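S.K.: The sequence isn't on hand, but the structure is:
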């Protein structure tokens, strides 16, 4: 029989995939199909956007999975693409079950990104991180009209770009604009903004086309009807808000303006009242919704209108108690923005519009006010420019979207005190002091050759013997921060946690040399280890794990001591047993024994004195409790807290803690002190805790800002999302293999602070741990760049470059450090160039001085100081750019100011590199020729050699005038009026010198030849007329002489 799959459950697919296919099956299979459909649904990948497509299409995948269960786990040559951008064909068999394709594969302009989040990227060969053939559509201008040389140049650039990204270039089709290459695994492939400058790309987005092979094998049933604009949609338009008839305004617009100008509207906005075929609630499977027909317009708007003026400008406001995951602070310093005098569209806020209320707080879109030119954008130093409500604002009133807010990310939160003011001493202690300490430690350098330049990459070098001293020095810096009087309580909690983290690093990873052996640290000056436990030089090698365990036990006691004291202080005097139990959770055995003895409970005090000792004592107490239960003892006659104490002393910590909430550190302590054997090693302790955690029988190691504050509400915290940094350090110590998979999560900001932008201390902890060999990774660039951004927003450009030089070198990204450093120099030129200490520091790091001067040259060109820009272009060796600025902007102003020596200095400094400068002889060479010729003609006749006769002088002047005219022809479109005046003055001066020498015993013919040279010079008409009168007089005399 024939069964229509669309009747069972409709299958919506995007664009040309929206069609129904029929499959044949027997009657016996019909009943079975209803049982298999849920399994089919769970196996299919998901695609939500209509411009993404797959091959086989989703409907065909559903049918094949239905007919052949397991087909989605082995799809041959699976293709994912985006209309107008390109597609990826994964070679071989690919498992596409339950994949959210749109979130994994992202097509942008001229690039494709697969697994953008590295933390979720599977190993090479798994998922979609496998070999594939990539096809990107490059919409380049007039490729068909390019010459073969230009086309070869574009292909060469694409090939170099492909190979630099570790891919294999296949082909480039200039007609279709298809760039094909092979990849072995995925990250980000395509062209960057710098690469697009080398290839003439279209400014508008790629034209939407129907990709080949997008349809299934049969004909598509795509509906060709267009979407009409109805009255409901027009009610959302700008004319409706201005009190005008939107239909009438639309008719006038069609008459007055070109249809192409506004032909294309955002189709997604027009269809916003309908659910998309793959909305969030339908992303599970294409079997959940009926198939629908999609219409796509083929053109793209490309006409830009002149922006209209804003109504007003308000910087955003900020308060320390404002909500939001990322706090924003008002930026008042350094803003030179002023409100335009002209007004935009004034709207009455009292009138309700379709976009107010639950829809939006904006009346109309800011793009309408500014002629489609406005968008949300980021600026330097964490600046965010946007329309609408300021971030964190509690005001629920209606605002105009034409009001543009300028806010700044509170990336300097760590440097602020309790009153939310930035303190210089906190800035120094958080950034400069730790980085100076890091710089004072030993480093090894690696020379990175970059053509004519080179970089010295650095790496911290230390060992486990010197680790205690390094940790102590970092702790001293943190303790100085704690001494700042106006520090907020929340900051004190986080700083105390940093102290404990450095102490834990020292305990878990330090070693010392004793008797020719490397042994755990027993620093005599360290106050973390009691004096009674200092070991003698004859420590047995087998005792070393126990010594480290004792050190960790003491660290654990110190880290939970304040928690125990807080809970004890809240008890009343009658809660002695509960008091003892709390003391045991912090292993304060002496206090617990004294308390039990003081209340006359001698037996309990004796048991407490042996707590955590011999396993035999634990077994005896556990055996006694079992006998009581076996004999039916009624435990209701025994105090509940006494039973808890006995269970704890017996090693049954779960029974002892039944119904009691306890933090993860104390639970770990109870596990180590009272349940596990006293001679067990730390790795076993940590692995046991991790096993209980995975089973749900242990409290989660939540970060300190949730466990102890400042965040009291942990409802937004997701299990297994981020744990405390101390827990990751324990796992790092316990792991046996050399690969630790949680590095990215471990070294995220959330592991130690609630500020997602604060990486100032975790970067140092990562550097020290990697230096002593606990792990090795070259894939923590997110940590490095986050710290770099934090330093840049604080104006610490020199330290940001220092951090970049410590980023590990990667063969697949050999120019990463170079690109980042040059970007810092360009973007923050105004900061580092005005501070001599930063400039000197950057030069001492080995950064090529040419890079600094190039950044300064671009900066001074931007602000219009072209004289300084010329000096810096000369310093960085950009001779062509320096020559252009010299000719167009600098030389004529110096000439008119009479600064001829400065012109000579600048021109001669470029003369040695004239082979690299286009049109040198017709550019700066003109000025050198002028000064040489003028000097020669002004000298005494006794010293003249080449120009001793009038004929030679005339020939030299004629050559100069000829070059002057050619120079004017070459530079005519670029020269200002003042520059043309300078050309005229040079011609005038040379001609005057020539004519002054022509009357000294020269023949009439020679003098007339001089006038002929003068008339060819670019000079004013009045001067030309004056010389013409002299020439007529001379010619008359010459004729008279001939007549005689």
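M.R.: Arrived safely. Values in this document were obtained by computation on a predicted structure and should not be read as measured data.
S.K.: C-alpha from now on. contacts and neighbour counts both.
M.R.: Noted.
S.K.: Same question for residue 1033, what's its three-state structure.
M.R.: Three-state call for residue 1033 (DSSP: H, G, I helix; E, B strand; the rest coil): helix.
S.K.: typo on my end, residue 113
M.R.: Per three-state DSSP, the secondary structure class of residue 113 is strand.
S.K.: That one bridge partners, please.
M.R.: Assessed by DSSP bridges, residue 113 has beta-bridge partners residue 106, residue 188.
S.K.: Would you mind stating the distance between residue 741 and residue 683?
M.R.: From residue 741 across to residue 683, the span is 17 Å (CA to CA, to the nearest Å).
S.K.: Looking at the two, which one has more neighbours?
M.R.: residue 683 (18 against 10; other CA atoms under 10 Å).
S.K.: For the more buried one, what is the enclosing helix or strand?
M.R.: Using DSSP states H and E, residue 683 sits in helix 682-695.
S.K.: most centrally placed residue in this protein?
M.R.: Centroid-nearest residue in the chain, with CA atoms, centre = their mean: residue 785, separated by 7.0 Å.
S.K.: How many residues are close by residue 915?
M.R.: Residues near residue 915, counting by other CA under 10 Å: 11.
S.K.: what's near enough to touch residue 681?
M.R.: 545-546, 549 (CA atoms under 8 Å, 6 or more residues apart in numbering).
S.K.: And for residue 161?
M.R.: With CA under 8 Å, 6+ apart, residue 161 has these contacts: 190-191.
S.K.: that's a helix at it, yeah?
M.R.: Yes: the assignment for residue 161 (three-state DSSP) places it in a helix.
S.K.: I'd like the next helix or strand past the lengthiest helix in the chain.
M.R.: With secondary structure taken from DSSP state H, the chain has its longest helix at helix 544-569. Using DSSP H and E, the helix or strand that follows helix 544-569 towards the C-terminus is helix 576-585.
S.K.: and that next one, how far from the chain's centre?
M.R.: Computed by CA atoms, centre = their mean, to the nearest Å, the chain-centroid distance of helix 576-585 equals 50 Å.
S.K.: what packs against it?
M.R.: Where contact means 3 or more CA pairs under 8 Å, 6 or more residues apart in numbering; DSSP states H and E, helix 576-585 is packed against helix 544-569, helix 589-598, helix 640-649, helix 664-670.
S.K.: Reformat those as TSV; add mean neighbour count and distance to residue 837.
M.R.: What follows is these, written out as TSV (neighbours: other CA atoms under 10 Å; distance: least, CA to CA, whole Å):
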stretch	mean neighbour count	distance to residue 837
helix 544-569	17	41
helix 589-598	17	55
helix 640-649	21	61
helix 664-670	21	45
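S.K.: how near is residue 500 to residue 470?
M.R.: 14 Å.
S.K.: I should have written residue 116 there, sorry.
M.R.: In terms of CA to CA, residue 116 sits 36 Å off from residue 470.
S.K.: Please spell out the segments of the stretch 101-250 of the chain that come in under the pLDDT threshold.
M.R.: Along the stretch 101-250 of the chain, segments meeting pLDDT under 70 span 139-146, 192-247.
S.K.: just the helices in it please.
M.R.: If DSSP state H, counting those that start in this stretch is used as the criterion, the helices of the stretch 101-250 of the chain fall at 101-104, 148-164, 193-198, 231-234, 238-241, 246-256.
S.K.: Mind putting the helices and strands packed on helix 576-585 into TSV with distance to residue 861?
M.R.: Below are those laid out as TSV (distance: least, CA to CA, whole Å):
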stretch	distance to residue 861
helix 544-569	57
helix 589-598	73
helix 640-649	75
helix 664-670	59
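S.K.: Nearest to residue 152, out of the ones you listed?
M.R.: Across the helices and strands packed on helix 576-585, residue 152 has its closest neighbour in helix 664-670 (64.3 Å, CA to CA).
S.K.: next one: that closest one to chain centre, how far?
M.R.: Relative to its parent chain, helix 664-670 has a centroid offset of 38 Å by CA atoms, centre = their mean.
S.K.: Quick one: residues in contact with that helix.
M.R.: Residues outside helix 664-670 that contact it (CA under 8 Å, 6+ apart) are 553, 556-557, 560, 585-587, 653, 689, 698-702.
S.K.: hmm, try it at 6 Å
M.R.: Contact with helix 664-670 is made by 585, 699, 701, as judged by CA atoms under 6 Å, 6 or more residues apart in numbering.
S.K.: with those in mind, which one is nearest to residue 920?
M.R.: residue 701 (70.5 Å).
S.K.: Would you reformat the contacts of residue 681 as JSON lines and include pLDDT and distance to residue 989?
M.R.: Formatted as JSON lines, the contacts of residue 681 follow (pLDDT from 0 to 100; distance: CA to CA, whole Å):
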{"residue": "545", "pLDDT": "82", "distance to residue 989": "94"}
{"residue": "546", "pLDDT": "85", "distance to residue 989": "96"}
{"residue": "549", "pLDDT": "90", "distance to residue 989": "93"}
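S.K.: Can you lay out those as TSV showing distance to residue 932?
M.R.: Converted to TSV, the contacts of residue 681 look like this (distance: CA to CA, whole Å):
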residue	distance to residue 932
545	86
546	89
549	86
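S.K.: So for stretch 87-101, first residue to last residue, what's the gap.
M.R.: Start-to-end, stretch 87-101 (CA to CA) is 12 Å.
S.K.: Okay, buried residues for it please.
M.R.: Buried residues in stretch 87-101, counted by 16 or more other CA atoms under 10 Å: 87-91, 94-101.
S.K.: Stretch 678-696 now?
M.R.: 678, 681-683, 685-686, 688-690.
S.K.: and that stretch, how far out from the chain's middle?
M.R.: With CA atoms, centre = their mean, you get 38 Å for stretch 678-696.
S.K.: re earlier: avg pLDDT for the helix holding residue 683?
M.R.: Helix 682-695 shows a mean pLDDT of 92.
S.K.: what does it rub up against?
M.R.: The contact list for helix 682-695 (CA under 6 Å, 6+ apart) reads 549, 698, 734.
S.K.: now, among those residues, which is nearest to residue 672?
M.R.: residue 549 (9.5 Å).
S.K.: got the angle between the helix holding residue 683 and helix 544-569?
M.R.: Calculated by axes from the mean of the first three to the mean of the last three CA atoms, to 10 degrees, helix 682-695 forms an angle of 50 degrees with helix 544-569.
S.K.: Helix or strand next in line after helix 682-695, which one?
M.R.: helix 704-707.
S.K.: Tell me the helices and strands packed up against that following helix.
M.R.: If you count contacts as 3 or more CA pairs under 6 Å, 6 or more residues apart in numbering; DSSP states H and E, helix 704-707 packs onto no helix or strand.
S.K.: and it, how far from the chain's centre?
M.R.: 27 Å.
S.K.: Give the next helix or strand downstream of that helix.
M.R.: Where DSSP H and E defines the elements, the next helix or strand beyond helix 704-707 is helix 725-734.
S.K.: which one of the helices and strands packed on helix 576-585 lies closest to residue 64?
M.R.: Relative to residue 64, the nearest member of the helices and strands packed on helix 576-585 by CA to CA is helix 664-670, separated by 49.7 Å.
S.K.: rewinding a little: what's the farthest-apart pair in the buried residues of stretch 678-696?
M.R.: Longest distance between any two of those is 18.7 Å, between 678 and 690; criterion CA to CA.
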